[in-house]
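In: Predicted model and sequence below, questions to follow.
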There are 2 protein chains.
Amino acid sequence: MGDSDQERAARPGRAGPAITDVARLAGVSHQTVSRVVNQHPHVREQTRLRVLAAIQELDYHPSGAARALATGRSTVLGVVTQNSTLFGPTSLLFGLEQAAASDFDVTITTLRSLDGPALTRAVRRYIDQQVAGIVVIAPLVTARDALAELPERVPIVLVDGPPDAGKVLVTADQSAGARLATEHLLSLGHRNVWHVSGPNTWLDSIGRVEGWQAALRDAGIEPPPLIEGDWSPASGYEAGRLLARIPDATAVFAANDHMALGIIRAMHELGRRLPETLSIVGFDDVPEAAYFTPALTTVRLDFTEIGRQALHLLREQIDSASSVGRRVIQPALIVRDSATAPE
Amino acid sequence: MGDSDQERAARPGRAGPAITDVARLAGVSHQTVSRVVNQHPHVREQTRLRVLAAIQELDYHPSGAARALATGRSTVLGVVTQNSTLFGPTSLLFGLEQAAASDFDVTITTLRSLDGPALTRAVRRYIDQQVAGIVVIAPLVTARDALAELPERVPIVLVDGPPDAGKVLVTADQSAGARLATEHLLSLGHRNVWHVSGPNTWLDSIGRVEGWQAALRDAGIEPPPLIEGDWSPASGYEAGRLLARIPDATAVFAANDHMALGIIRAMHELGRRLPETLSIVGFDDVPEAAYFTPALTTVRLDFTEIGRQALHLLREQIDSASSVGRRVIQPALIVRDSATAPE
DNA sequence: GAAGTTCCGTGGAGCGGTCACCTGAATCAA
DNA sequence: TTGATTCAGGTGACCGCTCCACGGAACTTC
């Protein structure tokens, strides 16, 4: 016994017992151990139990590296996302991780900017590592080109990416969400709805702008000029100060909750009463939205569901090599107090 | 040439060229290629360039699995955190990832609850996978026992964990942050400071409560009863309604910004003017805190720095097998409008 | 010119699994 | 009885890389 201990210590980098150690202890061949571990049939129950006991006793755990090397497969999933604590992307990441937890190990790469080169580099790195699949959370237009030139040899799912990327895609129906918000405001009796958008480099922004415009046009209303923000409360604040000078602006749809907060702040500062002088609808339903003053009416996306769908599509690709598929998640309107009928 | 292509296609699971392919093309042995790849000395410049050219031509990338198997080392870092979009933990995760990006692949495991068994299981899984190191973001008291029984055979850094865990630890000085907030309120002339804490299962909560109490006692003031929340704006709201009934409550320190928001909301609802009737200080400095009404005075933690420090300690452990070390990050007070002198 | 030193390169043995293939024994139909 | 099948398990090659031991060549040094 002292012997085997010394032996083990001598071997470099050995962390635990190997399959052969288990085999020796159980009095079978390494192959039989492998069969037991991988639930293959044709192992007598009695033998199986002996092997299992040996595994237990030695606290044996198969080496992922060795297995990956031998099979050419891996159980690692690469997720590329951006380095921001924005609510959407973050929720998405965690939703994905939860959905994957049972089958895969999730590794993340956060990018400061999702521009083409950075994105391609990140994806290629994952390919080099022979990951089982890749999920790219790429809400930026700049992602389009990068994704186009991506190698095809690995299962990949795009979340929130450009719809024309020709890849497997899970996306939220931004346009429908914007429509929900806009139509809600119109149905309250507002004659027009202004919009504070995110940066026009974001696909989410573009989709929401489109939905907003479409909803207005369908109602026979010419959309007012677009006010472009950058998702930050600060940009919402600026937009709010601008809106306050426009007499007939009675309703605004903000492309995310934090910009809505900025608008609210600007209004309070100017002594405007809310929601009487300005109705506001946000987007995201961040946890604190219900505690803004007034409580924010907003549009909610089920990020957990998006994660689940993304993973589902990825599994399909891995199993059957089919590389088509598209899932669109529908948002829901959450009505609170920040939008009412105009005075 | 057709031959080698066929050969490659026939081999199962082969994703790209192997080191021997590169060696053949460059007319050297695989060992020489390995030396070039790993920047070993004793390779003639001319040979090196030939090898590099071959690598380029074949688009060769070393297999991580094979390398891990051969060396017994891996470049994978495991991070265990909880599945929540709370600002602190999320920022921490991304800070860590950025700090690690150049050397390591970061894999995450998100836990619904950070109770002992779940935590141990997650860490053991990482150990089985022979990760290079583990970072546990464990702000809960329940983490203490789990961490105590953790095997010692892998470098591990605790972030935000129990100070008596005997492990390598990076932590924010919660107590000092609370003291900052409390003393700021006192210095404005308030006779007493109430506190809305996080759940008492969180170490962060406990530290902040301690700092708050200590600051009051140092000023010769008996701390008022503690109001316990759960980080959510909803719990802040409840606390706010409670505080509104207490005539001599003129100042409150909320353990996070979102609870502060809840308090603000409650005050608005009751028609109380802020900050005149109640001074509020938060904790976290979430991006939107500056756009609350009134703009929130709060305490900021440098999460990026925490991530950097955690990684630094991890590297130290990996390189030199030293497993001691402790870093404490100091918070800073961000003064805005939500705290003023009492009326 | 023999004996060290560098310097550069080769060959082969693992790392810990999986996979293709083989061997006996038992079962069963013809 | 015999051959075919199925079950239970063993053998050895191989995945792609690193590490160790070693072999020549070139350059010193005495």
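Out: Looks like it arrived, so ask away.
In: contacts, neighbours, all on C-alpha from now
Out: OK.
In: Is chain B within reach of the lengthiest helix in chain A?
Out: Taking DSSP state H as the criterion, chain A has its longest helix at helix A:303-320. No - with Cα under 8 Å from any Cα of the partner chain as the criterion, chain B is not reached by helix A:303-320; the gap is at least 11.3 Å.
In: So what are the sheet partners of the next helix or strand after that helix and their directions?
Out: Using DSSP states H and E, the helix or strand that follows helix A:303-320 towards the C-terminus is strand A:326-329. Strand A:326-329 pairs in its sheet with strand A:168-172 (parallel), by DSSP bridges.
In: Now do the buried residues in the partner strand.
Out: Within strand A:168-172, the residues that count as buried by 16 or more other Cα atoms under 10 Å in any protein chain shown are A:168-172.
In: Reformat the residues you listed into TSV and put pLDDT and distance to residue A:137 next to each item.
Out: Output for the buried residues of strand A:168-172, formatted as TSV (pLDDT from 0 to 100; distance: Cα to Cα, whole Å):
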residue	pLDDT	distance to residue A:137
A:168	80	12
A:169	85	10
A:170	92	10
A:171	91	10
A:172	93	12
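In: closest to chain B among those?
Out: For the buried residues of strand A:168-172, the residue nearest chain B by Cα to the nearest Cα is residue A:172; the value is 19.3 Å.
In: was I right about the closest one contacting residue A:332?
Out: No - with contacts counted by Cα atoms under 8 Å, residue A:172 stays clear of residue A:332, the gap being 10.9 Å.
In: What segments of the stretch 101-250 of chain A are strands?
Out: Under the criterion DSSP state E, counting those that start in this stretch, strands of the stretch 101-250 of chain A are mapped to A:105-111, A:133-137, A:156-159, A:168-172, A:194-197, A:227-228.
In: any shared contact partners between residue A:172 and residue A:332?
Out: residue A:301 (Cα atoms under 8 Å, 6 or more residues apart in numbering or on different chains).
In: Around residue A:217, how many other residues sit close by?
Out: Residue A:217 sits with 12 neighbouring residues when counted by other Cα atoms under 10 Å in any protein chain shown.
In: okay, now the spatially closest residue to it that is not a sequence neighbour: neighbour count?
Out: Excluding the flanking residues, the one nearest residue A:217 by Cα to Cα, 6 or more residues apart in numbering or on different chains is residue A:223, at 7.2 Å. Residues within reach of residue A:223, counting by other Cα under 10 Å, total 16.
In: For the stretch 51-200 of chain A, which segments count as helices?
Out: Listed from the start of the chain, the stretch 51-200 of chain A has helices (DSSP state H, counting those that start in this stretch) covering A:64-71, A:87-100, A:116-128, A:143-148, A:174-187.
In: Burial-wise, tell me which of the ones you listed comes out on top.
Out: helix A:174-187 (a mean of 23; mean count of other Cα atoms under 10 Å in any protein chain shown).
In: hmm, back to that, got the buried residues of strand A:168-172 as CSV, with distance to DNA strand C columns?
Out: Listed next are the buried residues of strand A:168-172 as CSV, based on distance: Cα to the nearest atom of the strand, whole Å:
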residue, distance to DNA strand C
A:168, 27
A:169, 30
A:170, 31
A:171, 34
A:172, 37
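In: contacting residues for the residue nearest to residue A:217?
Out: Residue A:223 makes contacts with A:192-194, A:213, A:216-217, as judged by Cα under 8 Å, 6+ apart.
In: any idea how far it is from residue A:339?
Out: To residue A:339, residue A:223 is 19 Å away according to Cα to Cα, to the nearest Å.
In: low-scoring pLDDT stretches of chain A, where are they?
Out: For chain A, the stretches with pLDDT under 70 are A:1-15, A:151-152, A:165-166, A:321-323.
In: Could you tell me which residues of it lie near DNA strand C?
Out: Chain A comes close to DNA strand C at residues A:11, A:13-20, A:30-31, A:34-35, A:37-38, A:60-63, A:66-67, A:69-71, as judged by Cα under 7 Å from any atom of the strand.
In: thought residue A:211 was touching residue A:177?
Out: Yes - if you go by Cα under 8 Å, residue A:211 and residue A:177 touch, sitting 7.3 Å apart.
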